[in-house]
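A.B. asks: I'll drop the sequence and a predicted model, then ask my questions.
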Amino acid sequence: MKALVLSGGKGTRLRPITHTSAKQLVPIANKPILFYGLEAIAKARIVKVGIVVGDTHSEIKASVGNGSAWGLKVTYIPQEAPLGLAHAVKISQNFIGRDNFVMFLGDNLLRDGIESFVKDFEEKRPNAQILLAPVSHPEQFGVAELSHGKVKRLEEKPKKPKSNLALVGVYMFDSHIFEAVSKIKPSRRNELEITDAIQYLIDKKYTVTPHVVTGWWKDTGKLEDLLEANRLVLESIKPRNGGTVDSKSKIEGNVIIEKNAKILGSRIRGPVMIGEHSVIKNSYVGPYTSVYHHTTLENCEVEHSIVLENSRIENVRRIESSLIGQNATVIKSSSQPSAYRIMIGDSSRVEVP
Ligand code: DAU
């Protein structure tokens, strides 16, 4: 059994963050999303992993390396452009060979990992196995229509979904998928869709079995989903303090303070994570916030947000439900005239009171 992790693509919905970085490397509870997938694969005792990479290949390679940190053996598979999930499968045929494999979308996060999913596949030996989860907006996903427990039809982002069962970004295949990806044609959005490739298998009477996910699942393609994934992961953290908390500070609930982080005259109400070398001074950090490393918060309130590395927030009344990128500065200025002075990247969004 091998694994194929998809870490190419464009990440248009997370611009401007993804103008400069891979969307799979945005941290959730201070750990890149992609690492959760790699951990899940290692836990399912799969060792050989192919990672499909695109424009952000050097950043992904720099973070994951040869995979030995997880006991994995990683091979990088360059994709010339994001031509679709089925295209990514097509170009990975040499790496997969005749093995069965699990395909894992690098921006997906599953609470319970993939062990039971892999075990189910190995026991039942279908030609493909898909993972499904009930969602409130099925039109944003691939959608499955079941009949008597069997997969009848799959449709990619249908306008009128036939069910609320979304295709989770984790799939298992045997070699027949290579026949399917070579037969299908590009979709309306001009991608080779894995949904169409699986529909091909169904039409050819190959066995495609559904497996419904039990714990939560998140596709982290949009800001709300990132914040929600961050909230869900923070819910289960165990408190730890590797940094410094002065006597004027108050820590409530589950809070992780990493090495060399400093909490000075501040109130932290968990669940919260404060990364290495970050400084929180005269501030309030509220529930469901992750502050990554080397970041400074001073005289401000931040809640339900993700703040990335090397950033600075100072003298700002309150920030909520926000994603602050790397090396960003948000400060109150006293210079006249009193006005918003903003330099934000392309495709950014700022809401002011
Ligand atoms: O997250 C689940 C959904 O993922 C499924 O419900 C859909 O059926 C499936 O098509 C897919 O939809 P998305 O539109 O969310 O896929 P996205 O373009 O975000 O790509 C998913 C991951 O695969 C992401 O980490 C980028 C990577 N990717 C994507 C494409 C199109 C590649 O590596 N190469 C590609 O060509």
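C.D. replies: In hand now; what should we look at?

A.B. asks: List phi and psi for whatever residue of the stretch 251-353 of the chain ends up closest to the ligand.
C.D. replies: Nearest residue of the stretch 251-353 of the chain to the ligand: Ser347, at 16.1 Å (C-beta to the nearest ligand atom). Where you see a C-beta, it was placed from the backbone N, CA and C, and this is true even at glycine. Backbone torsions of Ser347, given as degrees, to the nearest 10, read phi 50, psi 30.

A.B. asks: what do you get for Ser7?
C.D. replies: As for Ser7, its main-chain torsions (degrees, to the nearest 10) stand at phi -130, psi 30.

A.B. asks: Quick check: chain neighbours aside, which residue is closest to it?
C.D. replies: Taking C-beta to C-beta, 6 or more residues apart in numbering, and ignoring the residues beside it in sequence, Ser7 has Gly106 as its nearest neighbour in space, at 3.9 Å.

A.B. asks: pretty sure the residue of the stretch 251-353 of the chain closest to the ligand contacts Arg15?
C.D. replies: Yes - assessed by C-beta atoms under 8 Å, Ser347 is found in contact with Arg15 at 3.7 Å.

A.B. asks: More neighbours: which of these two?
C.D. replies: Legend: neighbour count by other C-beta atoms under 10 Å for Ser347 and Arg15, higher for Arg15 (16 against 13).

A.B. asks: OK, contacts around the residue nearest to Ser7?
C.D. replies: The neighbourhood of Gly106, defined by C-beta atoms under 8 Å, 6 or more residues apart in numbering, consists of Val5, Leu6, Ser7, Gln24, Ile33, Leu34, Gly37, Ile51.

A.B. asks: switch the cut-off to 10 Å
C.D. replies: Residues near Gly106 by C-beta atoms under 10 Å, 6 or more residues apart in numbering: 5-9, 22-25, 32-38, 51-53, 60, 169, 220.

A.B. asks: roughly how far apart are the residue most central in space within the chain and the ligand?
C.D. replies: For the chain, the residue nearest the mean C-alpha position is Asp107 (3.3 Å; C-alpha atoms, centre = their mean). Per C-beta to the nearest ligand atom, to the nearest Å, Asp107 is found 4 Å from the ligand.
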